[in-house]
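Colleague: Fold the following, please.
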Amino acid sequence: MVHFMARLVARAVTTLVLVTAFIFFFYRLTPGHGSTVIPGFSDTPEQVAALNAEPGILQYLRILRQWATGNFGYYPRFNEPIATVLAQALPITVVLVAGAMLVSFVVAIPLGIIQGLNHGGVVDHALTGVEFLFFSAPLILTAPLLANWFSFDVPLFPPQAPPGETFGAVLGHFNSMVLPIVTLALPLIGRLSRYVRSSVLDQVSLDYLVVARSKGCGPFRLVRKHLMRNAMIPILTFLGISLPLLVSGGLVVEALFNLPGIGYLLWLAGNPKRVFFSFPLEIAILVVASAALVLANLLVDVAMRIVDPRTRQ
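Modeller: Numbers count the residues shown, from 1 in each chain. Below you'll find the predicted structure:
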């Protein structure tokens, strides 16, 4: 187990180093070169010339040390360090992504099981059509449609985030999170239910389920005790694959619903026509999002080892 964990951690660290190196050298090619990337760098002409004369690898090692300590520079528009700005916005993004994941699991897993156990029936075909609609509709279409239906036609939820940009303000009006969470969950529900359906179809014809049925095992006990444990293995694999799509979709949903998470900050920081434009903030968001994805995939790998005994050999 120790050797396995050490190998996983080493792979995660290597991936993170490669991703941060790509981010650094990509932004280093922009006008201003390294002076726009190094946190807290005062870009006078003399300092810019001295910095650009340094080898890129030395600049990267310097900034990597600063990133590792949480130093991403200063954001003058909010008059705060970038780390503080991210600390205020990150919990909102975590709630959005975790909520969408929870909703998708609660809805998609039962739907996939029902389809798998009723393969080829009317219910299976009807749910298949709905699921294809869910994961084929783009977020920029489903977001305004849901906002129009459930904020104006049937005024149940607010169409935007509440005033105030703090985590407490958003949680104090949690109904404003419902539409963003549902918008982000719909594509995942469509994909995950299809994945669960395929996993159940792979399992229902196997001998151990046939024997369990012959011994009088009821349908609920069959699903809970036998079917789901083996079907969870490909579902965890799907979760690891879907995490980048879920996080990137969360960034889009935050911008669409004016939700003050890191996706909304990225939209502000990456738009050169806005007063909030900031290269250091944009870079910090990409680094933090990449680190979160690497950590999440590490946890999925650990969960796979716990669920699937074959990976322990």
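Colleague: use CA for all of it now, contacts and neighbours both
Modeller: Noted.
Colleague: got the contact list for whichever strand or helix holds Ile140?
Modeller: Following DSSP states H and E, one finds Ile140 within helix 139-148. Applying Cα atoms under 8 Å, 6 or more residues apart in numbering, the set of residues contacting helix 139-148 from outside is Pro158, Pro159, Leu179, Pro180, Thr183, Leu184, Gly249, Val252, Val253, Leu256, Phe257.
Colleague: Once you drop chain neighbours, what's closest to Trp267?
Modeller: Excluding the flanking residues, the one nearest Trp267 by Cα to Cα, 6 or more residues apart in numbering is Ala255, at 6.6 Å.
Colleague: Which one among the contacts of helix 139-148 sits at the bottom for pLDDT?
Modeller: Least confident entry in the contacts of helix 139-148, by pLDDT: Pro159, with 79.
Colleague: Give me the distance from the helix holding Ile140 to the chain's centre.
Modeller: Centre-to-centre, helix 139-148 and its host chain are 19 Å apart (Cα atoms, centre = their mean, to the nearest Å).
Colleague: For that helix, what does the pLDDT average out to?
Modeller: Helix 139-148 comes out with an average pLDDT of 87.
Colleague: swap in stretch 22-36?
Modeller: Mean predicted confidence for stretch 22-36 is 69.
Colleague: now do stretch 5-16
Modeller: The average pLDDT for stretch 5-16 rounds to 86.
Colleague: Distance from it to the middle of the chain?
Modeller: 20 Å.
Colleague: and what of stretch 12-23?
Modeller: Using Cα atoms, centre = their mean, the offset of stretch 12-23 from its chain centre is 18 Å.
Colleague: What of stretch 109-116?
Modeller: Using Cα atoms, centre = their mean, the offset of stretch 109-116 from its chain centre is 24 Å.
Colleague: which stretches of the chain form helices?
Modeller: Remark: helices assigned in the chain by DSSP state H are 2-28, 45-53, 56-68, 82-117, 122-136, 139-148, 167-172, 178-204, 207-214, 219-221, 228-257, 262-269, 279-307.
Colleague: Dump those into TSV; add mean neighbour count as well.
Modeller: As requested, the helices of the chain are exported to TSV (neighbours: other Cα atoms under 10 Å):
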stretch	mean neighbour count
helix 2-28	15
helix 45-53	13
helix 56-68	15
helix 82-117	20
helix 122-136	15
helix 139-148	17
helix 167-172	15
helix 178-204	23
helix 207-214	12
helix 219-221	11
helix 228-257	18
helix 262-269	23
helix 279-307	19
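Colleague: closest one to Tyr75 among the ones you listed?
Modeller: Proximity to Tyr75 (Cα to Cα) singles out helix 82-117 among these, at 5.5 Å.
Colleague: The closest one - contacts with which helices or strands?
Modeller: Helix 82-117 is packed against helix 122-136, helix 167-172, helix 178-204, helix 228-257, helix 262-269, helix 279-307, with contacts defined by 3 or more Cα pairs under 8 Å, 6 or more residues apart in numbering; DSSP states H and E.
Colleague: By mean pLDDT, show me the worst of the ones you listed.
Modeller: Least confidently modelled of these is helix 167-172, at a mean of 66 by mean pLDDT.
Colleague: Who are the contact partners of Ala284?
Modeller: Counted by Cα under 8 Å, 6+ apart, Ala284 has contacts Phe72, Ile82.
Colleague: now do the one 3 residues further on
Modeller: Residues in contact with Val287, defined by Cα under 8 Å, 6+ apart, are Thr20, Ile23.
Colleague: swap the cut-off to 7 Å and go again
Modeller: Going by Cα atoms under 7 Å, 6 or more residues apart in numbering, Val287 touches Thr20.
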